[in-house]
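A.B. asks: Test case, fold it:
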Amino acid sequence: MEDLLKPDYGVLALTVCNFLLLVYLLKKFAWNRIIGALESREQQIAQDKLQAQQAREAAEKIKSELDEKLAQIADEAAKKMAEAVKMGETQKEQLLAAAKEQSERLAEQAKAQIEAEKNKALSDVRGEIAHVSVLAASKVIEQQLNEDAAKAVVDRVLAEVKAK
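C.D. replies: You can find the predicted model right below:
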C-alpha cells in the first residue's frame, strides 16, 4: 500500500507527454475546426437574433398600420352611419310632409264635396218646397176654401212630401 502513495515519475512523465501530445494534436487538427464551428454558431445566433428583431419591428409596423386602417374604417363607418341616419330623417320628414299635404288636400276635397252635396240638397229641398208650394197653392185655388182649410191642405201636402 505504500507503493500506491509513492509517486512513479516514469508514469507521471508519460502522462504529461501524452497530455501535451493530445493538446498539440487537438490544436493542429481539431481546435481550429471547433473554434470555427463555435464562431459560426455564434454568428448564426446573432444573425437569427437580428432577423427576429427585424421581424418583430416589421410586425409592430404592420400592426400599427392595421390599427390606423381599422380606425379609419371605423371613422368612415361612423360617418356613413351618421349620413344614413340624417338621410333617413330627411326622408321621414319628406314623407310626413307629403302625407300631411295629401291629408289636407283630401280634407279640402271632402269639404268641397260636402259643400257641393249640401248645396245640391238645399237646391233639391228648395225645388221640392217650390213644387209643394205650387201644388199646395193649386189645391188651395181649386178648392177656394177659407184660411183654415188652406192650412190643412198645406199640412197634408207637407206630410205627403215627407213620406216620399
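A.B. asks: Quick check: which ranges of this protein have low pLDDT?
C.D. replies: 1-2, 4, 140, 142-146, 164 (pLDDT under 70).
A.B. asks: try 80 this time
C.D. replies: Applying pLDDT under 80 to the chain flags residues 1-7, 126-155, 157-164.
A.B. asks: Of all residues in it, which one is nearest the centre?
C.D. replies: Centre of the chain computed as the mean C-alpha position; nearest residue by CA atoms, centre = their mean is M81, 6.0 Å away.
A.B. asks: Look up which helix or strand that residue falls in, please.
C.D. replies: helix 32-143 (DSSP states H and E).
A.B. asks: sorry, back to before: quick check: the residue nearest to the centre of the chain vs L122, distance?
C.D. replies: 60 Å (CB to CB, to the nearest Å). All C-beta spots, glycine's among them, are computed from the backbone N, C-alpha and C.
A.B. asks: Could you do A37 as well?
C.D. replies: Counting by CB to CB, the gap from A37 to L122 is 123 Å.
A.B. asks: And Q47, by the same measure?
C.D. replies: Counting by CB to CB - Q47 and L122 are separated by 110 Å.
A.B. asks: K63 too?
C.D. replies: Distance from K63 to L122, by CB to CB: 86 Å.
A.B. asks: cool, and A136?
C.D. replies: From A136 over to L122 (counting by CB to CB), the distance is 20 Å.
A.B. asks: and if you look at L50?
C.D. replies: From L50 to L122 the distance is 106 Å (CB to CB).
A.B. asks: what about dumping the CA coordinates of stretch 132-141 to PDB?
C.D. replies: Extracted C-alpha coordinates of stretch 132-141, given in PDB (Å, rounded to 0.1, in the frame of the first residue of the first chain):
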ATOM      1  CA  VAL A 132    -145.000  71.700 -52.800                       C
ATOM      2  CA  SER A 133    -145.900  75.300 -52.600                       C
ATOM      3  CA  VAL A 134    -147.200  75.300 -56.200                       C
ATOM      4  CA  LEU A 135    -149.000  72.100 -55.500                       C
ATOM      5  CA  ALA A 136    -150.500  73.500 -52.300                       C
ATOM      6  CA  ALA A 137    -151.400  76.700 -54.000                       C
ATOM      7  CA  SER A 138    -153.100  74.900 -56.800                       C
ATOM      8  CA  LYS A 139    -155.100  72.800 -54.400                       C
ATOM      9  CA  VAL A 140    -156.000  75.800 -52.400                       C
ATOM     10  CA  ILE A 141    -157.100  77.600 -55.500                       C
END
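A.B. asks: Quick one: residues in contact with it.
C.D. replies: Residues external to stretch 132-141 that are found in contact with it (CB atoms under 8 Å, 6 or more residues apart in numbering): 149-150, 153-154, 157-158, 161.
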